[in-house]
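Undergrad: Have a look; sequence and predicted model below, questions after that.
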Amino acid sequence: MTRIREPLKCTPGSKKPVCALLAEFEKGDAWNLDTIRSGEARYFGQATVIEKGQLRNPYVFVIAKKVPTNDVPAGDLPIKVAVRELEAGLKQEQIHAPKLMRGLEADDLSNSYSPTLAYLKSYAPANWDGANVTTGPSTILHSEGGVYVRESKKRKLFVVRLTAMSPDSQPGDGMYAMLHPVTW
C-alpha cells in the first residue's frame, strides 16, 4: 500500500477522502460471498477516480452473481462480476443518485424509490468478468486490469482499481470507492 499512498500524499491521519478510503480498505476483510444469499448482489457508491492526476467523483456500481463452479475457469471463484460507472447521459439517474446514497449510508431504503435504484435493479450486464482470491484478504476481479475488493463488517465493499502505468498515467491514478449493498 505504500506505493499507492506516496503518490497520493496519504500520511497517517490524513483527512483526504481517498486516504481515508485506503485506510478502510487496509482494515477490510476478504469479501464474504456467503452474504450473497439471493444468488446476486448489487452495490452502489461514489468513487474517487484519479486520471492523469485529475480528480472526478462518478457514481459506480458492482453486480456480483453466483454461478456454478463448472461455469468459471479452474481457480476462479464461482461468481461473475460487473463493475460499471453510472453513465453521465442518464440524467434522471444522476439527479437522484445523491438521495440513494443518503438512504444507503443511513441503511434505510424503505422510502427511497428513485430512478437510480430502478436502474441499478434492472441493469443487465452484457459482459461479465471473473474473480480470484489473492494471497492476502483481497478478492481480485478480472475487470480493466484488476479490481481489488475487500469487505467491511457492515457488508460495504471497498474497491481499488489502479491504472496500469503508461506514458499518459501517473502513479496513484485509479478508482477508489466504498460501495453500499443495495440487494443481496
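TA: Okay, I see it. Numbers count the residues shown, from 1 in each chain.
Undergrad: for the helix or strand P98 falls within, packing partners?
TA: P98 is part of helix 91-105 when elements are defined by DSSP states H and E. Judged by 3 or more CB pairs under 8 Å, 6 or more residues apart in numbering; DSSP states H and E, the packing partners of helix 91-105 are strand 40-51, strand 59-66, helix 115-122, strand 174-183. The C-beta positions use only the backbone N, C-alpha and C, and glycine is treated the same way.
Undergrad: Check which residues of stretch 148-168 are buried.
TA: Judged by neighbour count (16 or more other CB atoms under 10 Å), stretch 148-168 contains these buried residues: 148-151, 155-163.
Undergrad: Please save the CA atoms from it in CSV.
TA: Only the C-alpha atoms of stretch 148-168 are listed here, as CSV (Å, rounded to 0.1, in the frame of the first residue of the first chain):
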residue,chain,number,x,y,z
TYR,A,148,-9.2,-5.3,-5.6
VAL,A,149,-12.2,-5.8,-3.3
ARG,A,150,-12.4,-6.1,0.5
GLU,A,151,-15.5,-6.1,2.7
SER,A,152,-16.3,-4.3,6.0
LYS,A,153,-18.2,-5.7,8.9
LYS,A,154,-21.3,-3.9,7.6
ARG,A,155,-21.2,-5.6,4.2
LYS,A,156,-19.8,-2.5,2.5
LEU,A,157,-17.3,-3.1,-0.3
PHE,A,158,-14.0,-1.2,-0.6
VAL,A,159,-12.8,-1.2,-4.2
VAL,A,160,-9.4,-0.2,-5.6
ARG,A,161,-8.5,-0.3,-9.2
LEU,A,162,-5.1,1.0,-10.1
THR,A,163,-4.5,2.3,-13.6
ALA,A,164,-1.8,0.4,-15.5
MET,A,165,1.3,2.5,-15.8
SER,A,166,1.7,4.1,-19.3
PRO,A,167,3.3,7.3,-20.6
ASP,A,168,-0.1,9.1,-20.1
